[in-house]
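Chemist: test case, fold it:
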Amino acid sequence: MTRLRVRLLTAAVVLLFGLLIIWLAGQLQPYEDVVEHGPAPQARSNDYLAAELFLRDLGLRVTHHEGVAGLESLSASGQTLLLLGDRRNMTPGQTDRVLDWAAAGGHLVIVAERLWDEKTGKSGDLLLDQLNLQQYSTRDLDNDTQVPQPSAAEQHPQLTKLYLENESAPAYLAFDTDFHLYDADNRAHAWANSAGATHMLQLQHGEGLVTALTDSWIWQNRNIDQYDHAWLLWYLTQDSEVTLVHRSEHDSLLAQLRRHFPELLTALGLLMLFALWHAGQRFGPQLSPANPARRQLQEHLRGSAEFLLRHEREQSLLQRLQQDIQRRASQCHPGFAQLPLSGQLTLLAQLSSLPPASIEQAMRPLPQQRLSATEFTRQVAHLQTLRNAL
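Modeler: Okay, here's the model as predicted:
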């Protein structure tokens with residue numbers, strides 16, 4: 001092949017390759033795809049992150065506070081405390097200090113956590129019990145306690161409505177309609193009702209305010225943008241600094257390890273199990289290794305003989321000795337195996353120079369019944385004497 005042909009072939013391959021690339025490029029179509037990775041780690045660890053960012057966008061100063069301890073050190077004037085965390089571990093002393101803080105001019109926003117127990121006369125929620133606010137399940141309310149039912153023409157009967165002065169339309173809120181707040185002392189000056197229950201009460205407490213809610217899920221990340229939830233948060237915290245307590249207690253070390261390092265806990269558990277198994281008490285004494293000096297040929301032969309005696313009986317052992325004698329006689333006199341039994345006994349007597357009675361007693365057929373130890377020993381001795389004579 002000449003150089004010209006090589007160049008033409010190379011040019012043709014490059015041209016075809018370029019045309020293929022152009023065709024493939026024409027078949028490709030760009031598109032946009034949005035991949036949802038779910039909420040950010042900050043949102044997963046803080047259910048009220050959206051509410052916090054919303055308040056900061058309004059220009060309010062928002063701070064976190066870990067737990068209810070130390071809240072009495074906050075400045076009461078111009079301060080709103082959103083106590084949204086679990087208060088099951090709140091002590092009576094901490095309850096008194098929080099209420100004293102509110103009485104000094106602070107605005108306390110709390111969530112009712114427990115239902116009122118008529119038998120004990122308390123709910124176990126220390127804050128609500130001291131304020132004499134009672135929470136009931138709407139299923140347990142009688143007709144005299146329930147809020148009057150709305151007419152059929154009323155819009156959104158399942159939503160909670162908050163009416164304000166100089167406003168023509170109420171604010172709509174999606175509180176859980178299974179719970180109802182009751183002001184036993186009739187101190188509330190503002191409230192918000194749904195079709196059959198009250199879900200927000202606001203009352204004067206000393207120089208400050210206390211706002212009680214049946215639930216705070218309306219301000220969580222997935223619900224704050226619905227209805228007028230964000231507006232209510234602004235309305236309760238306007239013109240004040242905000243302290244948010246949404247987690248009053250931290251997860252234990254074990255709970256955090258189970259959440260973040262389950263493989264490590266599994267490995268540690270298996271390691272502890274193996275360690276206990278290794279160090280556990282044995283069910284019997286530990287056997288010391290046998291002395292190598294005891295392992296002699298005589299012991300092996302004796303053990304083998306005892307094994308054969310247990311499993312093959314005396315007849316098999318004696319028969320093997322008789323066969324060994326017949327094999328030795330065949331070596332000394334060819335044709336021994338073809339002789340009749342009487343001829344074999346006569347020939348054995350000639351070869352061994354033993355009396356015929358001894359030969360007959362050694363080579364006689366063996367009985368089927370089990371031999372005694374004395375009879376077995378005597379028969380072995382006769383066979384041994386005959387074999388040694390050959």
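Chemist: okay, strands next: where are they in the chain?
Modeler: In the chain, the strands defined using DSSP state E lie at 62-64, 79-83, 107-111, 133-137, 160-162, 171-173, 179-183, 188-193, 198-205, 208-213, 241-245.
Chemist: among those strands, which is nearest Arg5?
Modeler: Closest of those to Arg5 is strand 62-64, at 80.6 Å (criterion: C-beta to C-beta). Where C-beta positions appear, they are placed from N, C-alpha and C, glycine not excepted.
Chemist: quick one: average pLDDT of that closest one?
Modeler: Averaged over strand 62-64, pLDDT sits at 80.
Chemist: which helix of the chain spans the most residues?
Modeler: helix 297-332 (DSSP state H).
Chemist: mean confidence for that helix?
Modeler: Helix 297-332 carries an average pLDDT of 74.
Chemist: now that helix, how far from the centre of its chain.
Modeler: From the chain centre to the centre of helix 297-332 is a distance of 65 Å (C-alpha atoms, centre = their mean, to the nearest Å).
Chemist: where does the stretch 1-150 of the chain dip in pLDDT?
Modeler: Low-confidence segments of the stretch 1-150 of the chain, defined by pLDDT under 70: 1, 38, 43, 66-72, 142-150.
Chemist: spatially nearest residue to Asp117 (excluding sequence neighbours)?
Modeler: Ser123 (6.1 Å; C-beta to C-beta, 6 or more residues apart in numbering).
Chemist: quick one: residues contacting the one you found.
Modeler: Going by C-beta atoms under 8 Å, 6 or more residues apart in numbering, Ser123 touches Arg114, Leu115, Trp116, Asp117, Asp129, Gln134, Gln135.
Chemist: most tightly surrounded among the strands of the chain?
Modeler: Of all those, strand 79-83 carries the top mean neighbour count, a mean of 24, counting by mean count of other C-beta atoms under 10 Å.
Chemist: now that strand and strand 107-111, what's the angle there?
Modeler: 10 degrees (axes from the mean of the first three to the mean of the last three C-alpha atoms, to 10 degrees).
Chemist: give the pairing partners of strand 79-83; include direction for each.
Modeler: Looking at strand 79-83 with DSSP bridges, its partner strands are strand 107-111 (parallel), strand 241-245 (parallel).
Chemist: and it, how far out from the chain middle?
Modeler: Counting by C-alpha atoms, centre = their mean, strand 79-83 comes out at 38 Å from the chain centroid.
Chemist: using CSV, write out every CA atom in it.
Modeler: Output in CSV follows, covering the C-alpha atoms of strand 79-83 (Å, rounded to 0.1, in the frame of the first residue of the first chain):
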residue,chain,number,x,y,z
GLN,A,79,-38.9,39.7,76.0
THR,A,80,-41.0,36.9,74.7
LEU,A,81,-40.2,33.4,75.8
LEU,A,82,-41.5,30.6,73.6
LEU,A,83,-41.4,27.6,75.9
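Chemist: residues touching it, excluding its own?
Modeler: With C-beta under 8 Å, 6+ apart as the test, strand 79-83 has contacts from 68, 71, 74, 98, 101-102, 106-111, 127, 236-237, 240-246, 248.
Chemist: for stretch 220-230, same thing?
Modeler: The contact list for stretch 220-230, computed with C-beta under 8 Å, 6+ apart, reads 39, 43, 47-51, 54, 159, 162, 171-174, 217-219, 233.
Chemist: that one: end-to-end distance?
Modeler: Terminal residues of stretch 220-230 lie 10 Å apart, using C-alpha to C-alpha, to the nearest Å.
Chemist: mean confidence score for it?
Modeler: pLDDT averaged over stretch 220-230 gives 85.
Chemist: so where's the stretch 151-300 of the chain shaky on pLDDT?
Modeler: Residues of the stretch 151-300 of the chain that meet the cut-off, pLDDT under 70, sit at 151-157, 247-252, 281-286, 290-295.
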